[in-house]
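Novice: got a sequence here, can you build the structure:
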Amino acid sequence: MKYRISEIWRMGTMVIAAMLLGGCNPTDGAKSTSVDAAPVNQAASGGLNVKHVRVGVDANFPPMVYRDARGQLVGYDIDLSREAFKRMGAEVEYHDLHWGAKDDELLKFKNVDMFWSGVNISPARAEVYEFSAPYLANKQIVVVPVNSPIRTIADLGGKRVGVQRGSSLLPRLEAIQGPEGRIQSVETFEEYAGILVSMLEGKLDAGLMGSVALDYYQKNTPGKFRILDENLGETNMAVAFRKEDRNFVENFNKVLEAMKADGTTERIRARWFDNKA
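Specialist: You can find the predicted model right below:
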C-alpha cells in the first residue's frame with residue numbers, strides 16, 4: 001500500500017477550503033504551538049501543575065475546536081474543558097498544535113499537559129496515553145463525492161483514499177479489498193478539510209473520518225458529499241494524558257461524571273450539535 005503526505009494546505013487550496021467550509025476558519029501550516037498562551041518555558045514545563053493546566057488542541061476540528069470570525073478558540077471541547085477546569089479550580093491555557101505534533105508536544109517535550117481535541121480511543125493509543133473517561137461517541141465513516149459510484153466499503157478497492165495524519169483508521173485500511181484489489185493509495189492530511197477539498201478537485205475518490213466532524217462539514221457544504229451506509233465502527237472520544245498523571249486523571253474523571261450527572265455536559269452538547277450550522 002502506498003502512503004503519501006499531501007501538501008494540500010498550500011495557499012490556493014486554503015482559499016478554496018475557506019470558501020467551501022465557511023465555518024471552520026482554517027489556518028496555515030505555520031501554526032504556532034502556543035497561540036492563546038504566553039510562551040512556554042520548556043525547561044520548567046516537565047510536570048502537571050494542578051492549578052494551571054496547558055491543554056493542547058488542534059484548532060481545525062469543528063465543531064470540537066476551531067476559530068471563530070474573531071480568531072478566538074471555540075467549540076464543544078473548549079466549552080467542556082473550561083467548565084471542567086473551573087470546577088477543579090485550575091487556570092487553563094490552550095496551545096494550538098498540528099494533530100501530528102501531539103505526541104511530541106505531550107509526551108516528549110511536555111509542552112502541554114493533555115491533548116483535548118476529539119481524540120478517539122484505540123487499543124494502540126491506550127498503550128501510549130492515559131485516557132480520561134470517554135465523553136462522546138464518534139462513528140468512523142466513509143465519505144465520497146455526492147455523484148460517486150462508490151456504494152460500499154469493498155468499492156474502495158483500487159481507489160484513492162484520504163485520511164487524517166495519525167488517524168486511528170490507518171491500520172484498518174490495510175484490510176480493505178474489493179473487486180479491483182486493495183486500496184490504490186492512501187494520502188494523509190493534517191486537517192479533514194483538506195480531504196474534502198481534494199475530493200472536490202478530483203484528486204481523491206473517498207475520505208475516512210469521524211462522524212462528528214463530517215456532520216459539521218455537511219451542514220456547511222450541503223449537496224456536495226455522501227456518506228456510505230457502511231462504516232468502520234464506533235469509537236469514543238476522550239482526553240489524552242501522560243501515563244504518569246494517572247492520579248490527576250482519576251480526579252478529573254470525577255469532575256466529568258459530576259458534569260454529566262447535573263446535566264451540564266448535555267447542555268454543552270446541545271449547544272454545539274443540535275441544529276448547529
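Novice: please report how far Val55 lies from Ala84.
Specialist: In this structure, Val55 and Ala84 are 10 Å apart, going by CB to CB, to the nearest Å. Heads up, the C-betas are built off the backbone N, CA and C, glycines and all.
Novice: now swap in Val128 and tell me
Specialist: If you measure Val128 against Ala84 using CB to CB, the figure is 22 Å.
Novice: do Asp103 as well
Specialist: 23 Å.
Novice: looking at the two, which is more packed in?
Specialist: Between Asp103 and Ala84, counting by other CB atoms under 10 Å, Ala84 is the more crowded of the two (23 against 16).
Novice: would you confirm that that one contacts Val255?
Specialist: Yes. Taking CB atoms under 8 Å as the definition, Ala84 is a contact partner of Val255 at 5.1 Å.
Novice: joint contacts of those two?
Specialist: Here Ala84 and Val255 share no contacting residue, scored by CB atoms under 8 Å, 6 or more residues apart in numbering.
Novice: show me the helices in the chain, by range?
Specialist: Secondary structure of the chain (DSSP state H): helices at 11-20, 76-87, 102-103, 123-126, 170-173, 192-200, 211-220, 246-261, 264-273.
Novice: deepest in the core, which of those helices is it.
Specialist: helix 192-200 (a mean of 24; mean count of other CB atoms under 10 Å).
Novice: output the contacting helices and strands for that helix.
Specialist: Helices and strands touching helix 192-200, by 3 or more CB pairs under 8 Å, 6 or more residues apart in numbering; DSSP states H and E, are helix 11-20, strand 60-61, strand 136-145, strand 160-164, strand 185-189, strand 206-210, helix 211-220.
Novice: tell me how far the second one is from the chain's mean position?
Specialist: The chain centroid and the centroid of strand 60-61 are separated by 6 Å, computed with CA atoms, centre = their mean, to the nearest Å.
Novice: that strand pairs with which strands?
Specialist: If you go by DSSP bridges, strand 60-61 pairs up with strand 65-67 (antiparallel).
Novice: would you mind measuring from Met237 to Asn247?
Specialist: With distances taken as CB to CB, Met237 is found 22 Å from Asn247.
Novice: number of residues surrounding the closest residue in space to Ile150 that isn't next to it in sequence?
Specialist: Of all residues not flanking Ile150 in the chain, Val144 sits nearest, at 4.7 Å (CB to CB, 6 or more residues apart in numbering). Neighbourhood size, Val144 [other CB under 10 Å]: 22.
Novice: pLDDT at Val144, what is it?
Specialist: On pLDDT, Val144 comes in at 98.
Novice: what sits against it?
Specialist: Residues in contact with Val144, defined by CB under 8 Å, 6+ apart, are 150, 199, 205-207, 225-226, 228.
Novice: the residues you listed: which two are farthest apart?
Specialist: Maximum pairwise distance in the contacts of Val144, criterion CB to CB, is 13.3 Å, between Met199 and Leu228.
Novice: who touches both of these two?
Specialist: Residues touching both Met199 and Leu228 (CB under 8 Å, 6+ apart) are 143-144.
Novice: separation between the residue nearest to His52 when sequence neighbours are not counted and Leu256?
Specialist: Distance criterion CB to CB, 6+ apart; nearest residue to His52, sequence neighbours excluded, is Glu91 at 4.8 Å. The gap separating Glu91 from Leu256 is 19 Å, by CB to CB.
Novice: all set now, cheers.
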